[in-house]
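Undergrad: Got a sequence here, can you build the structure:
(chains A, B and C)
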Amino acid sequence: MKKFSISSLLSQLLLLFFVIIWIIPTFGLFISSLRDKDLLAISGWWTSLTTTEVNEIYRMSGMESQIEEDGYFKIKGKLFEDNSGKKIESFGITSKKINEFNIGDIAIFKDESEVLLDEDGNYEWRSRTEFKKKKGKRLFTTSLSPPAFTFENYREVLFKEGIGRAFVNTMAVALPSTLIPLIICSFFAYSLTWMKFYGRDTLLAIIIASLVVPLQMSLIPILTIYNDFGALFGVAAKSYPGVWMAHTGFGLASTTFLLRNFLKSLPNEMMEAAKVDGASHYDIFLRIIIPLSIPAFASIFILQFLWCWNDLLVGLVFLDQVPSEIILTAKLKELLGSRGENWEILTTGAFVSMTVPLFIFFALQRYFIRGLVAGSVKG
Amino acid sequence: MTILNLVFIVFLGILFFIAYFHISNYILDIYGHKTLKRYNFENSIRVIVFITPAFIVLFIFILYPVFETIRLSFYDKFGREFVGLYNYKWAVNDPEFRRSILNNLVWLLVVPTLSTFFGLVIANLADRIWWGSIAKSIIFMPMAISFVGAGVIWKFIYEYRGPENTQIGLLNAIIVSLGYEPQAWLTIPMWNNFFLMAIMIWIQTGLALVIFSAALRSIPKEMLEAARIDGASELKIFFSIIIPYLEQTILVIWTLITIIVLRIFDIIFAMTNGEWQTGVLANLMYDWMFRGGGDSGRGSVLAIVIMIGVIPILAWNLYKHRQEQKI
Amino acid sequence: MYDDVFIHLKDRSKEDEVADININTVNKYFGDVHVIKDVSLDIKSQSFTVLVGPSGCGKSTMLRMIAGLEDINSGTISIDGQVVNDLPPKQRNIAMVFQSYALYPHMTVFDNMAFGLKLEKRSKDEINERVNEAARILQIEDYLQRKPKQLSGGQRQRVAIGRAITRKPKVFLFDEPLSNLDAALRVQMRVELAKLHNELEATMIYVTHDQTEAMTLADDIVVLDTGIVSQKGSPLELYDRPNNMFVGGFIGSPKMNFISSKILSKSSNATEVDIMGMSKISVSKMSASSSEGDSVTLGIRPEHLVVNGDADGSWESKVFVVEKLGDVTYLYLEKDGEPLVAETEGHSEIKVGDTVKVGFPAGRCQLFDSSGQAFK
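TA: All right, here's what the predicted structure looks like:
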């Protein structure tokens, strides 16, 4: 072990500082997505991690639920659900004195009705005379609330807000948009590496040049092609196959480039041995290249899949923004506009959109990093 | 479209490409065996079978559009009539365009530099600390998240409520607890750009970090040990050995992030939609693609301006590639 | 065992006339570089032919052209009378063993050896039989289910050879197969290759840069020099009568000594040359194009120099370095910057600094003219 030193302590502190800055935003989002939506709107997410004092206003039930008992007209009920673990410390009956009574005290209203409240929120409101109002009176409570989390937001977002369908749509975009280029480019990269033909070097140079061409250069012409194509054959201009091919086009250069770099590292003599053994190029491809390229395929699959999953622009331009086609990122953007104040929907939606990338990230981080590093060698 | 239909066409789409390669090669394998003397001929056909799909895609989605976009930039909004440099003149005089160019330049200056810097510093710190790999994982994680997701995350941080309310945005909560007035961060011109850039830096630092980590591991241990034996301090080693050794890597990362930043769209689109003077070229272009039924001329000009930004990098890559081919 | 050899010899005499592989004025360019220049060669059926030469001489290219891995720019190559220029490797009835073994890392030893047979769609039984047969010959039966990674270098080499054997080709091509092995293993594999050649009765073409391998294995050695066949012949022919300085220098270890010299006089069957201005010697070799006073190079192998004994000509020098190898001792001498190596008995008493008399037996001397061609 290294001996303790001030500089090592300083490095540790500095790194810790970076880590905290980097983790807090995501952590906050995650915590918020699990909070009760009403609490989310009125208090910062960090308050939900510890037991906190909250002031709330509840209204008791009205005249319909009254019963007659022991000479009193009584209305019994609960202010909130049991399972929250919330404990009421004190309460009041006017907004000016919200801490007027403790649990066990009997609070008396102006109309001489009385209310009893226990710490779990069960109340008994009684009066000698019959209750006449439809609305019950307000109670102001001060209670201690332990950290409480719920999956309610997820249920709502997945099934009511259309995020669930957007999730399926995104999968339907991302999977073929990853597999198709992988299939096409592996053959392409193979011929660029192991076959001799006229124009090979030119083609390779074009691929290298295409690596950095921004996809904005392609948007307008391709949109025009799609529109013309749709009009010509009487089909929708915007469709899933259209998005797949667009993603294939935009990912083609990098996928080919990465694969070629990998294939180049395989020994030439092995290919020749296979040729002497009587293998055709397709035999070599199927029986030698594919089994040996699994790790490379994994890296490239992850990179391209994440790119397609996280993409917004391509999905926005080449798909209709209707429930059966909208992708997660576009849906989120839409919610940011229409439900900008409903943080329970936004945070949960964002977290749902992140589940797949985060799963890939934690399960396959090694391949992800390997792909990125390999891809960066040239930029 | 029902989910079942969707699953079906997904399978069909993938199967189509597998079938193309398998069937055409299968036929060729049988046919090739029978025609003995046409080995080279068979090989040429095989090359065509292998590269055609990729080449068609490359042509339709990259090569043709580049030339078409250049052409369209000289045509009117429907791409029908030749208008010469009209669209370019419009761009030069358009205040929105100027604002976008300026913003893009600031982005290009700030984001790659800071991301690279943080990446380098963190990679070095993490390299010598036992919990470094966990730290790297955490800082790398935003790389997996979409820009829009990151946008939501940070919008929540920047959330603003009136001074009379409890602040639920972390940044304002901190500001208020220090006794200042809460701010609507994303609406403060000029400064809001930096709040948006922070998101990008938060994401891209992870990229720089992993690449630097890989590069650091490739530094020969003997060299560092020799320096230590010569009595160099750790700081001295960092500046006079590690940094020069990583010069190439630094350049690569810097260009890599530059390319990503040049086409930055999602963050701004999701956070401010280019309002409060935060627009960049990609957003302006998206706007013009659809504004008023779409103006392909102006949109193309904006695309070309983005393209011009990457041309030096493109030339540099091609030059390096040719050097490598010679060896 | 002896029967095998006998049958083998009989077969060979029967087919002696048939040149199994015919290479006719073949040329090969890599871009602008002319690597094979008008090479013509006949390789006899069932012979063991070694292509030898320094790196870059074109020997591997030659082999790869026979295999069908390189195109031929002009000329023809035929195997068994059939021109194979346009045939893919698989139709040439050849098998090749590569320097790096080129095993398929993801397949077991068995699958490596069965790969070619599976592609030919042979029956399972036949594949099993042939692979097991090859494994038996090469003594790798115990490793059949292992992956190449789990094998030692020597074992991998055997698998590579086994892969070639299972296909029962007419011609085996070896591309420096032993150069990745350590010295001891190399000697062992060399012997096994020789045995294998006897057992399989196939034509083998073997490329190496190591003249010891060439000398020990070959029926015929082909020395290549910058894309040209310098000489072709049996090992002893090349050793005793090199065509030129290149072959003389290449074959034999340590290298043949070359001494600059002058022709003093010419007679009808001998040429008299001077030895370092100290002595003269009459070598019974002639060249029509030479005349008195021409510069020539005298070549003599270290093992033929006579140390402190009687010879046709002699010269004295101080010893600079003594290398004792046990069986022999090499003495390093020098004259005007020209090094000279002489061999003497293993337990020689000669020390550094001693002066020795070196004798030149005329019958062992070679003469080369200024263009390097040997006197006949």
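
Undergrad: Show me the strands in chain A, by range?
TA: In chain order, chain A shows strands spanning A:52-59, A:67-69, A:72-78, A:87-92, A:101-102, A:107-108, A:114-117, A:122-127, A:138-145, with DSSP state E as the criterion.

Undergrad: start to end distance for stretch A:58-71?
TA: 26 Å (C-alpha to C-alpha, to the nearest Å).

Undergrad: Let me know the average pLDDT across it.
TA: Mean pLDDT, taken over the full extent of stretch A:58-71, equals 79.

Undergrad: List the buried residues for that stretch?
TA: Of the residues in stretch A:58-71, A:58, A:60-61, A:66 count as buried by neighbour count, 16 or more other C-beta atoms under 10 Å in any protein chain shown. (Each C-beta comes from the backbone N, C-alpha and C, glycine too.)

Undergrad: Residues in contact with it: which ones?
TA: By C-beta atoms under 8 Å, 6 or more residues apart in numbering or on different chains, the surrounding residues in contact with stretch A:58-71 are A:73-77, A:79-80, A:115, A:121, A:123, A:125, A:128, A:130-139, A:141.

Undergrad: distance between that stretch and the chain's centre?
TA: Centre-to-centre, stretch A:58-71 and its host chain are 45 Å apart (C-alpha atoms, centre = their mean, to the nearest Å).

Undergrad: Excluding sequence neighbours, find me the nearest residue to the residue in the stretch 151-300 of chain B positioned nearest to chain A.
TA: With C-beta to the nearest C-beta as the measure, B:V152 is the residue of the stretch 151-300 of chain B nearest to chain A, at 3.8 Å. Counting by C-beta to C-beta, 6 or more residues apart in numbering or on different chains, B:V152 lies nearest to A:A350, which is 3.8 Å off, once chain neighbours are set aside.

Undergrad: Test my guess that that neighbour contacts B:F147.
TA: No - using C-beta atoms under 8 Å, A:A350 is not in contact with B:F147; the gap is 11.4 Å.

Undergrad: Dihedrals phi and psi, C:V223?
TA: The phi/psi pair for C:V223 (degrees, to the nearest 10) reads phi -90, psi 120.

Undergrad: Sticking with B:I27, tell me its helix or strand.
TA: helix B:3-34 (DSSP states H and E).

Undergrad: Give the buried residues for the next helix-or-strand element following that helix.
TA: Under the assignment DSSP H and E, the closest C-terminal helix or strand after helix B:3-34 is helix B:39-58. Judged by neighbour count using 16+ other C-beta under 10 Å, the buried positions of helix B:39-58 are B:39, B:42-43, B:45-47, B:49-51, B:53-55, B:57-58.

Undergrad: all helices for the stretch 151-300 of chain B, in order.
TA: With DSSP state H, counting those that start in this stretch applied, the stretch 151-300 of chain B shows helices at B:170-177, B:191-217, B:221-229, B:234-237, B:243-245, B:247-262, B:266-271, B:281-290, B:296-326, listed in chain order.

Undergrad: so where is the stretch 251-376 of chain C shaky, pLDDT-wise?
TA: Counting by pLDDT under 70, the stretch 251-376 of chain C contains no low-confidence segment.

Undergrad: And the residue lying closest to B:L207 once chain neighbours are set aside, how close does it get to A:Q365?
TA: Taking C-beta to C-beta, 6+ apart as the measure, B:L207 lies nearest to B:M143, with 5.8 Å between them; neighbours along the chain are not counted. B:M143 sits at a distance of 10 Å from A:Q365 (criterion: C-beta to C-beta, to the nearest Å).

Undergrad: repeat for B:N43
TA: 41 Å.

Undergrad: A:T170 now?
TA: 21 Å.

Undergrad: Hmm, C:K37 and C:V26 touching each other?
TA: No - the pair C:V26 and C:K37 fails to qualify as a contact (C-beta under 8 Å) at a distance of 9.0 Å.

Undergrad: Show the contacting residues for the residue of chain B found nearest chain A.
TA: The minimum distance from chain B to chain A, using C-beta to the nearest C-beta, falls at B:F61 (2.4 Å). Contact analysis of B:F61 by C-beta under 8 Å, 6+ apart lists A:218, A:222, A:245-246, A:248-250, A:252.

Undergrad: Who has more neighbours out of C:V26 and C:K37?
TA: Using other C-beta atoms under 10 Å in any protein chain shown, the more surrounded residue of C:V26 and C:K37 is C:V26, with 22 against 15.

Undergrad: if you average pLDDT over the helix holding B:I27, what comes out?
TA: When pLDDT is averaged over helix B:3-34, the result is 83.

Undergrad: Fine by me, thanks again.
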